[in-house]
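> The following comprises the amino acid sequence and a computationally predicted model.
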Amino acid sequence: MENTKIILSTSDEAANFKTNISGWVSRNGRFFGNDERIARYDGCTHVICEDCGKPTEKGCLVCGECKEKRNIKKYNAMPKGDWNEVGAVYSESNDKYFWSWDEVDEFCCDEGIKVEDLRLVICTPQYLPLLDPSDYGEDVLAEDGELPDKVVQAIEDFNKVIKNTEPVSWYPSNKAVAQRIK
C-alpha cells in the first residue's frame with residue numbers, strides 16, 4: 001500500500017462531471033457514446049424472442065416456450081439406440097436419471113405423464129482416469145530424474161485396479177432411447 005495512491009470516493013479524481021459530450025446513456029446511467037444497441041441492451045429487461053417475437057427475459061435468445069420446442073426438435077433429430085437397463089438413462093425434460101424401467105414407470109405414474117414425455121437419453125459411463133507414470137511427479141523430480149521402480153510398479157498396480165473398477169458416474173450421450181427392451 002505504500003506505493004499505491006489512495007483515491008477516496010469524495011475526491012475529484014474518483015469521478016468528475018463532463019460537459020459538451022453527447023451519446024447514448026442507458027436507463028442505468030451508463031454512457032455508451034454512439035453505440036445505441038449496447039446502451040439499449042444495458043437498459044432493457046426483456047428482448048424479442050428470435051423465434052416467435054414475444055418478449056423474453058434479457059440474456060435469453062428465445063422464450064421458454066420456443067426453447068422447449070427447440071429442445072424437442074433437437075431430441076427428435078438424435079440418433080436412436082436401445083437401452084437394456086445397463087447403466088442409466090437421463091430425462092432431458094425432467095433433469096433426472098433412471099436406472100431401470102420400473103423407476104421410469106413409477107415416475108411417469110407419479111407425475112401423470114407418458115414415457116415419451118421424458119425425452120430419455122442413453123447415458124455414457126464415466127471411469128476414473130489412469131495415472132501416467134511418465135508424467136507423475138514431474139514437477140518435483142530433478143531434471144532428467146526418474147521415479148523409483150517401486151513407485152512405477154505401484155502406479156501400474158493402481159491402474160490395474162482402476163481398469164477393473166465400474167463407472168463412477170454417467171452422463172447423457174447423444175443417443176435417444178428408441179424403444180423399451182426388457
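That came through fine.

> tally of neighbours for residue 172?
Around residue 172 sit 17 other residues, with neighbours defined as other C-beta atoms under 10 Å. Every residue, glycine included, has its C-beta placed from N, CA and C.

> do residue 120 as well
Counted with other C-beta under 10 Å, residues neighbouring residue 120 total 25.

> Now the phi/psi pair for it, please.
The phi and psi torsions at residue 120 (degrees, to the nearest 10) take the values phi -80, psi 140.

> swap in the one 3 residues further on?
Recorded main-chain torsions at residue 123 are phi -100, psi 150, according to degrees, to the nearest 10.

> likewise residue 156?
Reported as degrees, to the nearest 10, the phi and psi values for residue 156 are phi -60, psi -40.

> Assess the claim that it and residue 136 are in contact.
No. With contact taken as C-beta atoms under 8 Å, residue 156 and residue 136 are classed as non-touching, separated by 11.1 Å.

> Which elements pack onto the longest strand seen in the chain?
Using DSSP state E to assign secondary structure, the strand with the most residues in the chain is strand 169-180. When contacts are defined as 3 or more C-beta pairs under 8 Å, 6 or more residues apart in numbering; DSSP states H and E, strand 169-180 sits against strand 80-83, strand 89-91, strand 120-126.

> how about 6 Å then?
Contact analysis of strand 169-180 by 3 or more C-beta pairs under 6 Å, 6 or more residues apart in numbering; DSSP states H and E lists strand 80-83, strand 120-126 as its packing neighbours.

> pLDDT averaged over that strand - what is it?
Model confidence over strand 169-180 averages 90 on the pLDDT scale.

> Distance to residue 104 and mean pLDDT for the helices and strands packed on strand 169-180 - can I get that in a markdown table?
Listed next are those as a markdown table, based on distance: least, C-beta to C-beta, whole Å; pLDDT from 0 to 100:
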| stretch | distance to residue 104 | mean pLDDT |
| --- | --- | --- |
| strand 80-83 | 10 | 92 |
| strand 120-126 | 7 | 96 |
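
> out of these, deepest packed?
With neighbours defined as mean count of other C-beta atoms under 10 Å, the helices and strands packed on strand 169-180 peak in mean count at strand 120-126, which reaches a mean of 19.

> Quick one: distance of that strand to the chain centre.
16 Å (C-alpha atoms, centre = their mean, to the nearest Å).

> now do stretch 104-115
Relative to its chain's centre, stretch 104-115 lies at 27 Å (C-alpha atoms, centre = their mean).

> Could I get the buried residue list for it?
In terms of neighbour count (16 or more other C-beta atoms under 10 Å), stretch 104-115 has its buried residues at 104, 107-108.

> May I have that stretch as PDB, with CA atoms only?
Extracted C-alpha coordinates of stretch 104-115, given in PDB (Å, rounded to 0.1, in the frame of the first residue of the first chain):
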ATOM      1  CA  VAL A 104     -39.300 -44.800 -15.200                       C
ATOM      2  CA  ASP A 105     -42.800 -46.300 -14.900                       C
ATOM      3  CA  GLU A 106     -43.100 -45.200 -11.300                       C
ATOM      4  CA  PHE A 107     -42.000 -41.700 -12.100                       C
ATOM      5  CA  CYS A 108     -44.400 -41.400 -15.000                       C
ATOM      6  CA  CYS A 109     -47.300 -42.800 -12.900                       C
ATOM      7  CA  ASP A 110     -46.500 -40.300 -10.000                       C
ATOM      8  CA  GLU A 111     -46.200 -37.400 -12.400                       C
ATOM      9  CA  GLY A 112     -49.100 -38.400 -14.700                       C
ATOM     10  CA  ILE A 113     -47.000 -38.300 -17.800                       C
ATOM     11  CA  LYS A 114     -46.100 -40.600 -20.600                       C
ATOM     12  CA  VAL A 115     -42.700 -42.200 -21.100                       C
END
